[in-house]
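Enquirer: Here is the input, now give the coordinates:
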Amino acid sequence: MQKDIATPIRTQEILKKYGFSFKKSLGQNFLIDPNILRNIVSHADLTKDSAAIEIGPGIGALTEHLARAAGKVVAFEIDQRLLPVLADTLSPYDNVDVIHADILEVDVKQIFEEQLKDYKDVMVVANLPYYVTTPILLKLLMDRLPIRGLVVMMQKEVADRITASPGTKAYGSLSIAIQYYMQTEIAMIVPKAVFMPQPNVDSAVIKLTRREVPPVQVIDEEFLFKVSRGSFVQRRKTIINNLQSSLPNGKAKKDLIIQALEKVGVDPTRRGETLSIEEFGKLSNELYAEFH
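Expert: Numbering: from 1, shown residues only. Now for the predicted structure:
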């Protein structure tokens, strides 16, 4: 068995060999605990008939565990300095393709067609750069990629927001956008000590599993997310106050918004954080014709 990359000693050796220094601007924190990596991969339920997409492989610590578990791994790395490192550390594995690209700029659907068309089962498994976690997740979901789900590490605070229930402090438009497409759960909490360098925040791994059907049928998904975002503009305000200030010409249409709220059984004096996705869905359907 190949010696694990993700031990403190081996990581130090690799960094020293390549004279690598961490770039704060890229949110680089490398995992140095093989047990945590094995645990992350186990949550993805991969087989040799599966493919894995990784974002930000770093020096290949998680990538090699994915390569051992999956039939194919496609990893996107933005930092050119890491390409020769990865070519070296991943040389024992012939089922890994490293693509030098920013995942936010790439046509991932095209990569699927070119590299993953033989795989029916695809998972995204990654230690995401914390500063772009939300844009990456939303891109992967909005691009409607044919994936089974994601197992991804992120800042614990963001994981709490993604998995939050209505009526809680962490619940907001991000919870709604992701839970509309995915079932969400926190798979594990990860201590700061298993990273190099140590981040300033606690981390969590979340598992997102694609829903067969969304929890509510809506006329227009983009409008659902617009309504939900608008309902949280100022968390302490009532939903009617937020919607009339966030929807186009909302102040002039206050009475219509109140009618829509009452029609779907939502008291206009409630706050956005108390509404379920189902309620937001019904409300967006009711408001759709008026604001289009």
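Enquirer: going forward, measure contacts between C-alpha atoms and count neighbours the same way
Expert: Will do.
Enquirer: mind listing the strands for this protein?
Expert: For the chain, the strands defined by DSSP state E occupy 30-31, 50-55, 72-77, 96-100, 121-127, 149-155, 182-190, 195-196, 203-210.
Enquirer: In contact with the closest residue to Val98 other than its chain neighbours, which residues?
Expert: Nearest residue to Val98, sequence neighbours excluded (C-alpha to C-alpha, 6 or more residues apart in numbering): Ala75, at 4.8 Å. Ala75 sits next to 53-57, 63, 96-99 when contact means C-alpha atoms under 8 Å, 6 or more residues apart in numbering.
Enquirer: would you list every one of the helices in the chain?
Expert: Remark: helices assigned in the chain by DSSP state H are 8-18, 34-43, 61-69, 83-89, 108-115, 133-142, 156-162, 173-181, 221-230, 239-246, 254-263, 277-288.
Enquirer: can you list the contacts of Ala75 in JSON lines and add neighbour count and distance to Val152?
Expert: Formatted as JSON lines, these follow (neighbours: other C-alpha atoms under 10 Å; distance: C-alpha to C-alpha, whole Å):
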{"residue": "Ile53", "neighbour count": "24", "distance to Val152": "11"}
{"residue": "Glu54", "neighbour count": "25", "distance to Val152": "9"}
{"residue": "Ile55", "neighbour count": "24", "distance to Val152": "9"}
{"residue": "Gly56", "neighbour count": "27", "distance to Val152": "11"}
{"residue": "Pro57", "neighbour count": "26", "distance to Val152": "12"}
{"residue": "Thr63", "neighbour count": "31", "distance to Val152": "13"}
{"residue": "Val96", "neighbour count": "23", "distance to Val152": "19"}
{"residue": "Asp97", "neighbour count": "16", "distance to Val152": "19"}
{"residue": "Val98", "neighbour count": "20", "distance to Val152": "18"}
{"residue": "Ile99", "neighbour count": "15", "distance to Val152": "19"}
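Enquirer: Go through the residues you listed and name the one nearest Gln234.
Expert: Ile55 (33.0 Å; C-alpha to C-alpha).
Enquirer: Surely Ser175 is in contact with Ile162?
Expert: Yes - using C-alpha atoms under 8 Å, Ser175 is in contact with Ile162, at 4.4 Å.
Enquirer: Pick out whichever of those two has more residues nearby.
Expert: Set Ser175 next to Ile162 and count neighbours by other C-alpha atoms under 10 Å: Ile162 wins out with 25 against 22.
Enquirer: Distance check, the more buried one against His292.
Expert: 29 Å (C-alpha to C-alpha, to the nearest Å).
Enquirer: Also Ile178?
Expert: Ile178 sits 24 Å away from His292, taking C-alpha to C-alpha as the criterion.
Enquirer: between these two, which one's more packed in?
Expert: Between Ile178 and His292, counted using other C-alpha under 10 Å, the more crowded position is Ile178 (21 against 7).
Enquirer: Now that one: closest residue in space that isn't a chain neighbour?
Expert: In space, Ile178 is closest to Ile162, 6.6 Å off (C-alpha to C-alpha, 6+ apart).
Enquirer: give the contact list for the one you found.
Expert: 171, 174-176, 178-179, 184 are the contacts of Ile162 under C-alpha under 8 Å, 6+ apart.
Enquirer: Of the residues you listed - the most surrounded one?
Expert: Ile176 (27 neighbours).
Enquirer: Now do the contacts for Ala67.
Expert: By C-alpha under 8 Å, 6+ apart, the neighbours of Ala67 are 73, 93, 95-96.
Enquirer: Which two of those have the greatest separation?
Expert: Val73 and Tyr93 (9.8 Å).
Enquirer: Those two: which is more packed in?
Expert: The neighbour comparison of Val73 against Tyr93 (other C-alpha under 10 Å) goes to Val73, with 29 against 16.
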